[in-house]
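Chemist: got a structure for you, letters missing:
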Ligand SMILES: C[C@@](CO)(OP(=O)(O)O)[C@H](O)COP(=O)(O)OP(=O)(O)OC[C@H]1O[C@@H](n2ccc(N)nc2=O)[C@H](O)[C@@H]1O
Ligand SMILES: Nc1ncnc2c1ncn2[C@@H]1O[C@H](COP(=O)(O)OP(=O)(O)O)[C@@H](O)[C@H]1O
């Protein structure tokens, strides 16, 4: 029987996120700081010789052909004319559509892992380029280092922010990324600054005000969290995070969270846990 290999598919946070403009194709130009977390999903992959991509436990709300795991695997097959296949099982821990990048991370883990298992020999740069077809956040997960990102998130500059402890909470609400980016009151003209300047100013998220105004669940949770630690929105939400100095402090704060809110405690990682496990 073929061997099964296990790969982490970590979460990310946007430690800051500024919107600096809008492109002709409607996408927004960003300046954002990505850091990985030591918490995430896990993929178990069994390479096969039959050329089929099989998801062993499909997501209830996502048809297989839309699942980023399936799409990433078939895209890699097409790009490399690979005749091999894979059976893939997903342990889903990350909230979906929460701004912690679970789907993008799953896609990146599939690209990096299958490139190794199928021995298709693409560089991480090439895999990141393919990943961008699947989503703006896929390249950062493929490259695997914390980064200051520009463009729609694909122009990456290495960065090493402090690896703090975080309490990440998911208010009980679904937020559409497209809806936030289409909102007329979204600030879209934060001045473009250098990485050094962005790092040296207080960190913020340009989507936060709109999201707080529109979703009382997010407003209430951030108002509660900020009493204890600096706290912000990640991505376009709905997740919010508080940054603290120690695991103890994080666990104490997490233990007090409102009962109807899910979440987790994690430590920031400047090297993705996927890359830590594959390229130690
Ligand atoms: C803004 C970020 C920051 O990490 O938010 P989160 O998704 O993580 O919350 C991401 O870059 C999001 O990337 P991704 O999640 O791939 O976005 P997509 O599904 O491609 O975009 C959904 C919709 O949002 C709008 N959109 C998205 C990204 C962007 N830079 N400008 C946009 O205007 C577009 O209308 C697009 O159709
Ligand atoms: N493997 C996957 N895991 C999570 N979401 C997926 C996956 N494949 C497709 N999706 C779709 O992508 C959307 C965004 O997912 P996700 O990356 O978790 O959000 P975010 O970038 O906001 O953290 C989900 O709402 C879901 O419809």
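Modeler: In hand now; what should we look at? This one's a predicted model, so the numbers in the text were calculated from it and none came from an experiment. Residues are numbered from 1 along each chain as shown. Ligands and ions are numbered 1, 2, ... in the order given.
Chemist: please enumerate the helices of the stretch 51-200 of the chain.
Modeler: 68-80, 102-117, 124-134, 138-143, 177-182, 195-200 (DSSP state H, counting those that start in this stretch).
Chemist: so who does the nearest residue to residue 6 once chain neighbours are set aside touch?
Modeler: In space, and not counting its chain neighbours, residue 6 is closest to residue 44: 5.3 Å by CB to CB, 6 or more residues apart in numbering. To be clear about C-beta, it is placed using only N, CA and C from the backbone, and glycine gets the same treatment. By CB atoms under 8 Å, 6 or more residues apart in numbering, the residues touching residue 44 are 4, 5, 6, 7, 88, 89, 91.
Chemist: run the last query once more with 10 Å
Modeler: Residue 44 sits next to 4, 5, 6, 7, 56, 57, 87, 88, 89, 90, 91 when contact means CB atoms under 10 Å, 6 or more residues apart in numbering.
Chemist: quick check, the residue in this structure closest to ligand 1?
Modeler: Closest residue of the chain to ligand 1, CB to the nearest ligand atom: residue 235 (2.3 Å).
Chemist: what about the nearest residue to that residue once chain neighbours are set aside, how many residues nearby?
Modeler: Take residue 235 and drop its neighbours on the chain: the residue closest to it by CB to CB, 6+ apart is residue 99, 3.1 Å away. Residue 99: 29 surrounding residues under other CB atoms under 10 Å.
Chemist: measure the closest residue to residue 58 other than its chain neighbours to ligand 2 for me?
Modeler: Spatial nearest neighbour of residue 58, excluding adjacent residues (CB to CB, 6+ apart): residue 64 at 5.3 Å. According to CB to the nearest ligand atom, to the nearest Å, residue 64 stands 10 Å off from ligand 2.
Chemist: circling back to that earlier point, is it true that the residue nearest to residue 235 touches residue 170?
Modeler: Yes - taking CB atoms under 10 Å as the definition, residue 99 is a contact partner of residue 170 at 8.9 Å.
Chemist: between the two, which contacts overlap?
Modeler: 237, 238, 239, 240.
Chemist: is any part of the helix or strand harbouring residue 38 close to ligand 1?
Modeler: Here residue 38 is covered by strand 28-48, with elements defined by DSSP states H and E. Yes - against ligand 1, strand 28-48 shows contacts by CB under 6 Å from any ligand atom at 28, 30, 32.
Chemist: now do stretch 7-24: distance to the chain's middle.
Modeler: 7 Å (CA atoms, centre = their mean, to the nearest Å).
Chemist: again but with stretch 230-245, I slipped
Modeler: 13 Å.
Chemist: touching ligand 2 at all, it?
Modeler: Yes - Stretch 230-245 reaches ligand 2 (CB under 6 Å from any ligand atom) through residue 235.
Chemist: that stretch: end-to-end distance?
Modeler: 11 Å (CA to CA, to the nearest Å).
Chemist: average pLDDT for it?
Modeler: The average of the pLDDT scores along stretch 230-245 is 97.
Chemist: and it, what's buried?
Modeler: 231-244 (16 or more other CB atoms under 10 Å).
Chemist: now do stretch 172-181
Modeler: So, applying 16+ other CB under 10 Å, buried residues of stretch 172-181: 175, 180, 181.
Chemist: now swap in stretch 264-274 and tell me
Modeler: Those buried within stretch 264-274 under the rule 16+ other CB under 10 Å are 264, 265, 266, 267, 268, 269, 270, 272, 273, 274.
Chemist: can you tell me which of those end up in strands?
Modeler: 264, 265, 266, 267, 268, 269 (DSSP state E).
Chemist: low-confidence ranges, the stretch 1-150 of the chain, go.
Modeler: 1 (pLDDT under 70).
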